[in-house]
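**Student:** okay, sequence plus prediction incoming.
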Amino acid sequence: MGFEPQQLGKWLIGFGLLIVVIGVLALLLGRIDLFRLPGDFSWGGRNWRIYLPLASSIILSLLLTLILWLLHYFRR
């Protein structure tokens, strides 16, 4: 079974749309301060800032795990 150019094009369009959706969600969720949870740490001085989004990373990890698990479950 070969990999046809049309199939590759469909995959690339799908990944591109997925990246656009993720970007739009990040912009919208950033406006409502979703990424400033109590477990997100930030340190800084006058000219520098370190941001460690620990709670946001855990929540995103759980969400992606759930989505991938559901995809695997329904593809059976």
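**Tutor:** Perfect, I can see it now. Residues are numbered from 1 along each chain as shown.
**Student:** what ranges do the helices span in the protein?
**Tutor:** 5-31, 54-75 (DSSP state H).
**Student:** looking at those helices, which is nearest to Asn47?
**Tutor:** With respect to Asn47, and counting by CB to CB, the nearest of the helices of the chain is helix 5-31 at 23.0 Å. Placement of C-beta: from N, CA and C, glycine included.
**Student:** and Gly44, what does it touch?
**Tutor:** By CB atoms under 8 Å, 6 or more residues apart in numbering, Gly44 lies in contact with Ile50.
**Student:** if we go to 10 Å?
**Tutor:** Neighbouring residues of Gly44 by CB atoms under 10 Å, 6 or more residues apart in numbering: Ile50, Tyr51.
**Student:** and it, what are its bridge partners?
**Tutor:** Residues in a beta bridge with Gly44, per DSSP bridges, are Arg49.
**Student:** so it versus Pro53, what's the distance?
**Tutor:** As for Gly44, its distance to Pro53 is 14 Å (criterion: CB to CB, to the nearest Å).
**Student:** now swap in Tyr73 and tell me
**Tutor:** Counting by CB to CB, the gap from Tyr73 to Pro53 is 29 Å.
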